[in-house]
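A.B. asks: Using only what follows, build the 3D model:
(2 chains)
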Amino acid sequence: MSFLELKSLCKNFGGLRAVDDFTLTIEEGSLNALVGPNGCGKSTLFNLITGVLKPDAGKVCFKEHNITGWPSHKIARLGVGRKFQVPAIFEELTIRENLVIAARNTANRAAINGILAQINLIEAEHMLAGELAHGQKQWLEIGLLLAQAPSLILLDEPTAGMTAAETRATADLITRINRDQGITVLVIEHDMGFIEHLACPLHVMSKGQILKSGHFADIRKDAEVKALYFGQAEALSDA
Amino acid sequence: MRNNLIALLVFAVLAASPVAIGGYWTGQLTAYLVYGLLAMSLSLVWGYGGILCFGQAMFFGIGGYIMAVLTKGMILPELTSSYLGLIAAMAGSALFALALGYFLFAGRGISGAYLAIITLAMALVLERLMNNWYALGGYNGLLNVPPIKLNFFGASFELWDRMPTFYAVLAVVALVYFLVTWLLSSAYGLRLTAIRTHPDRLASLGYNVLTIRLSVFALSAAIAGLAGAIFVTLDGFASPTLIGFTLSTEALIWVAIGGKEMLLAAFLGAILTRTAESWLSEIFGDYWILILGIAFMISVVLLPKGLLATPLEKLTGSKRKKTR
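C.D. replies: Numbering: from 1, shown residues only, chains lettered A, B, ... in the order given. Model (predicted):
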């Protein structure tokens, strides 16, 4: 059995099929990116994996467990960390307190200083999280995932609202987390420059399904993907 | 640390006050201390746990009735211990909160205005139930609830007189205050702040949000139940008004005026509002409620953290949104 296996997942909201017979396998230690236009079902997919939503059909298997429909906290305890689209941190607590909560046990708490250095917030550790700049809030949220000591992290638009320099730093951070710590990463992102920087397998999603999978260089030339992002007319003119 | 010093100062002033205010007002202040305990329980669940319970008096009333029924010997004539009554009152209120809380918070859970409406409706239902439960005195309530009987190393005495009753109640209130403050300064307090601001994030870090919500709801109910149990022994009377809409709403106003996110402010909010009520109602009659309404509006609009919490936060020098 694979590390993370999504089998024929379906999720409907009324008459809208947000995720449609979605199948994907993620290998342990890999870094993958998921792209697609707004409303194509990317965040819904993360909600199905993390137990925020229950699928109408299909299965989610993680580390040999069928976790379909499990509550969020049980899935998190199994080693799945998730970054939300809008930074989800505890703004009334200090940065260190945020990490202490995320660590949950003494063994993980020992790693907090290292995580603070990794996310570049060691000098601000006693600041209230709500006082951070937007980009720093995104990093803190990634720090929360690291303190959780997960084996899989799901990042939903980790660079949204960041400057170009912050985006590059975030791409480096994610690459290091995957390469040096061996954590499997699945990232949703719109910023193609960021995706290119990650240099990882890419899955393009459309209407709740995988449209294409491959490497960035191949995907960017694909006519169907171009049409999806830039419209049919431009794709045809390119051809 | 500074918070604890200020709290110690407040309790010291309260302890010294009978010398200045005389017997009648000492009796009144004893009742206000109990209301302060109820206000603390609401501050814990609302200000710290983020659960707006509009029917907090139901736990107060349940505690009061359990204490009355047990100590009057209505269940077993030989089981009339005050200690047992107090423990049963806390346990009964907490169990009721656990059962109610499970239906409120399980699954996606109910929050915000819906939660407030359901808890308010529940308090109204219980008040109506007690009005018609004739075995428990119905509309007239239960009379002749005995005072608390304390046993120390074989010696026992009843809390009849104003002074010993006042100091015993003050000791219980101070003990509860410092225990809850200690709890809030622990990892549990961090979790409460986290659950209030971002429950989904907390769940995605591996915490069972339902368990944490139930625990704070039950703890707050136990404190309210303890307050109710003490209260019925002061007057010797348990009535349906202890459980329903009016007291629930009053408690909400005390806490909002004092400051819901600060235990000490909520406690003082209850004492000051009740004291003001006594003075102002003598001068203005029923119109005093207008003054209370104005104070409430000022608190909500100009000082949303509370009339007392705002200066108290300055005194403690806390930069935090919440004093823990």
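A.B. asks: phi, psi of A:Asn66?
C.D. replies: Torsion angles at A:Asn66 (phi, psi; degrees, to the nearest 10) stand at phi -80, psi 100.
A.B. asks: what about it, how many neighbours?
C.D. replies: Using other Cβ atoms under 10 Å in any protein chain shown, A:Asn66 has 13 neighbouring residues. Yep, even glycine has a C-beta here, placed from its N, CA and C like the rest.
A.B. asks: Then the one 10 residues further on?
C.D. replies: Burial of A:Ala76 is recorded as 25 neighbouring residues (other Cβ under 10 Å).
A.B. asks: nearest spatial neighbour of it, skipping sequence neighbours?
C.D. replies: The shortest distance from A:Ala76 to any non-neighbouring residue, by Cβ to Cβ, 6 or more residues apart in numbering or on different chains, is to B:Gly206 (3.9 Å).
A.B. asks: ok, now which ones touch the one you found?
C.D. replies: A:73, A:76-77, A:104, A:148 (Cβ atoms under 8 Å, 6 or more residues apart in numbering or on different chains).
A.B. asks: Check which helices and strands the longest helix anywhere in chain A sits against.
C.D. replies: In terms of residue count, the longest helix belonging to chain A (DSSP state H) is helix A:164-181. Here helix A:164-181 touches strand A:31-35, helix A:134-147, strand A:184-188, helix A:192-198, going by 3 or more Cβ pairs under 8 Å, 6 or more residues apart in numbering or on different chains; DSSP states H and E.
A.B. asks: Serialize those to CSV and add fields for distance to chain B.
C.D. replies: What follows is these, written out as CSV (distance: least, Cβ to the nearest Cβ, whole Å):
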stretch, distance to chain B
strand A:31-35, 18
helix A:134-147, 7
strand A:184-188, 15
helix A:192-198, 23
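A.B. asks: So what touches stretch B:85-103?
C.D. replies: Against stretch B:85-103 from outside (Cβ under 8 Å, 6+ apart): B:58-60, B:62-64, B:66-67, B:70-71, B:119, B:122, B:148, B:210, B:213-214, B:217-226, B:228-230.
A.B. asks: for the residue nearest the centre of chain A, which residues make a bridge with it?
C.D. replies: Nearest to the mean C-alpha position of chain A, counting by Cα atoms, centre = their mean, stands A:Leu155 at 1.8 Å. Beta-bridge partners recorded for A:Leu155 (DSSP bridges): A:Lys83, A:Val187.
A.B. asks: I figured it hits A:Ile188, correct?
C.D. replies: Yes. With contacts counted by Cβ atoms under 8 Å, A:Leu155 reaches A:Ile188, the gap being 6.8 Å.
A.B. asks: re the thing from before, could you list which of the contacts of stretch B:85-103 also contact chain A?
C.D. replies: Among the contacts of stretch B:85-103, proximity to chain A is found for none (Cβ under 8 Å from any Cβ of the partner chain).
A.B. asks: What's the PyMOL syntax to select whichever of the residues you listed are buried?
C.D. replies: Buried residues among the contacts of stretch B:85-103 (16 or more other Cβ atoms under 10 Å in any protein chain shown), as a PyMOL selection:
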select buried, chain B and resi 58+59+60+62+63+64+66+67+70+71+119+122+148+210+213+214+217+218+219+220+221+222+223+224+225+226+228+229+230
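A.B. asks: Pull the contacting residues for residue 174.
C.D. replies: All of this refers to chain A. The contact partners of A:Ile174, by Cβ under 8 Å, 6+ apart, come to A:31, A:142, A:155, A:158, A:185, A:187, A:198.
A.B. asks: my bad, chain B
C.D. replies: B:Phe11.
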